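>>> Turn this into a model:
(one chain, ligands or ions: 1)
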Amino acid sequence: MPIIEVRDLRKAYGGRAVVDGVSFAVEEGEIFGVLGPNGAGKTTTVECVEGLRLPDSGTVRVAGHDPVADHDRVTQLLGAQLQESELQAKLTVREALELYAAFYPNPANWRPLAERLRLTDKLDSRFGKLSGGQKQRLFIALALIGNPRVVVLDELTTGLDPRARRDTWELIEDVRDSGVTVLLVTHFMEEAQRLCDRIAVIDQGRIAALDSPAGLISRAAGSTVMSFTPSAPLDERELAALPRVISVDQRDGRYTLGGTDETVNAAITLLARHHITAHQLRVSDATLDDAFLDLTGATA
Ligand SMILES: Nc1ncnc2c1ncn2[C@@H]1O[C@H](COP(=O)(O)OP(=O)(O)OP(=O)(O)O)[C@@H](O)[C@H]1O
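Below you'll find the predicted structure:
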């Protein structure tokens with residue numbers, strides 16, 4: 001049984017549908033990403049999962065419970081890091097950790113958690129005096145402190161410096177390895193590609209695609225990019241006629257072809273046939289960024 005089930009979820013504001021028939025199921029122990037352009041309906045969707053917003057229609061279940069009707073049950077098994085959370089400015093980091101730990105029957109030991117999130121030397125600092133990144137790390141700790149079965153992280157690493165971002169990724173991988181299910185809203189393609197087992201791409205309130213990162217990339221129009229400088233002039237028409245070629249660009253004598261592995265193989269054969277050498281030949285895979293652009297026509 002999936003641990004999170006969302007079926008035909010709908011929510012409108014002022015007569016405008018912002019979540020328009022979203023369905024997905026998250027299996028226990030996976031990191032499930034929710035990716036989409038600004039205003040796509042991601043936060044609305046995950047806040048319905050958390051029981052913080054009431055859907056207009058559709059069903060949401062977390063471990064079989066309705067997050068609104070069984071709010072107390074769901075709060076015990078779901079940890080949430082909210083997008084725009086605030087704590088009392090005078091509360092210290094230690095007090096916040098102790099306070100939140102007291103809300104749960106079996107809280108995690110907060111000391112290793114604080115250490116992992118590099119908060120140990122900030123335990124006596126007041127919330128109001130923390131930097132944006134330190135606040136963010138504290139919210140991640142608070143989301144994990146109840147030893148949840150499911151953790152919802154909205155914009156996990158926004159505002160973190162590169163080192164803190166990588167540390168956080170490792171922490172989330174450890175959390176997943178311990179059996180916790182992670183629902184992750186993110187704008188960072190690298191983060192989604194590295195962490196997520198599956199990703200739902202949401203666009204204009206609907207699911208545009210749901211697949212593994214590799215599956216999404218393979219749907220990008222051109223999954224492979226090849227660039228080279230030929231040792232002798234080339235007939236561009238021959239390049240444009242290669243199998244599954246999507247684009248041919250030439251700048252200062254250097255060619256860039258977008259296509260698939262088949263395009264690359266055919267291009268190499270074509271060059272060999274003309275006894276042309278490809279100088280500085282580079283072949284790279286399309287990224288999740290390319291797939292995202294193809295699926296939504298937008299940048300995250
Ligand atoms: N309480 C509300 N009242 C009115 N409109 C709202 C409310 N909450 C969200 N919206 C609108 O619903 C749409 C979807 O918002 P949502 O926050 O779910 O998007 P998102 O995909 O999380 O965006 P972002 O990536 O910018 O955080 C937006 O156009 C937003 O302005």
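
>>> which parts of the stretch 201-300 of the chain sit against the ligand?
Proximity of the stretch 201-300 of the chain to the ligand is assessed by C-beta under 6 Å from any ligand atom, with no residue identified as in range. Quick note: C-beta positions are derived from backbone N, CA and C, even for glycine.

>>> Return the residues in contact with whichever residue of the stretch 201-300 of the chain sits closest to the ligand.
Of the residues in the stretch 201-300 of the chain, the one nearest the ligand is I202, at a distance of 6.6 Å by C-beta to the nearest ligand atom. Taking C-beta atoms under 8 Å, 6 or more residues apart in numbering as the contact definition, I202 lies against V22, V34, L35, G36, A40, G41, K42, T45, A208.

>>> With distance to G64 as added columns, please give those residues in TSV.
Written out in TSV, the entries for those read as follows (distance: C-beta to C-beta, whole Å):
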residue	distance to G64
V22	19
V34	21
L35	27
G36	27
A40	28
G41	25
K42	24
T45	19
A208	28
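
>>> Most neighbours out of these, which is it?
The residue in the contacts of I202 with the most neighbours, by other C-beta atoms under 10 Å, is L35 (30 neighbours).

>>> any idea where the strands of the stretch 101-250 of the chain begin and end?
With strands called from DSSP state E, counting those that start in this stretch, the stretch 101-250 of the chain shows them at 150-154, 181-186, 198-203, 206-211, 224-230, 247-251.

>>> Sheet-wise, list the partners of the fifth one with their directions.
Here strand 224-230 is paired, per DSSP bridges, with strand 254-259 (antiparallel), strand 278-285 (antiparallel).

>>> which of the residues in it are buried?
When burial is assessed from 16 or more other C-beta atoms under 10 Å, strand 224-230 yields the following buried residues: T224, V225, M226, S227, F228, P230.

>>> Dump these to a markdown table, plus pLDDT.
Written out in a markdown table, the entries for these read as follows (pLDDT from 0 to 100):
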| residue | pLDDT |
| --- | --- |
| T224 | 87 |
| V225 | 86 |
| M226 | 92 |
| S227 | 93 |
| F228 | 96 |
| P230 | 97 |
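
>>> Max pairwise distance over those: which two?
Pairwise distances among those were taken by C-beta to C-beta; the largest, 18.4 Å, belongs to T224 and P230.

>>> thought L77 was touching P67?
No. L77 lies out of contact with P67 (C-beta atoms under 8 Å); the separation is 10.3 Å.

>>> Neighbour count: the two, which is higher?
Per other C-beta under 10 Å, whichever of L77 and P67 has more neighbours is P67, with 23 against 17.

>>> ok, and the closest non-adjacent residue to that one?
Here the nearest residue to P67 in space, its sequence neighbours aside, is G51; by C-beta to C-beta, 6 or more residues apart in numbering that works out to 3.1 Å.

>>> tell me the pLDDT at the one you found?
Among the per-residue scores, G51 shows a pLDDT of 94.

>>> ok, it - contacts?
Residues in contact with G51 (C-beta under 8 Å, 6+ apart) are P67, V68, H71, V74, T75.

>>> Can I get the helix or strand of the chain with the lowest mean pLDDT as CSV, trimmed to CA atoms?
In the chain, the helix or strand scored least confidently by mean pLDDT, DSSP states H and E is helix 288-296, which has a mean of 79. Written as CSV, here are the backbone C-alpha positions of helix 288-296 (Å, rounded to 0.1, in the frame of the first residue of the first chain):
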residue,chain,number,x,y,z
LEU,A,288,16.8,17.2,-16.0
ASP,A,289,16.8,20.9,-16.8
ASP,A,290,16.4,20.1,-20.5
ALA,A,291,13.6,17.6,-19.8
PHE,A,292,11.9,20.2,-17.5
LEU,A,293,12.0,22.8,-20.2
ASP,A,294,10.5,20.4,-22.7
LEU,A,295,7.7,19.4,-20.3
THR,A,296,6.7,22.8,-19.0
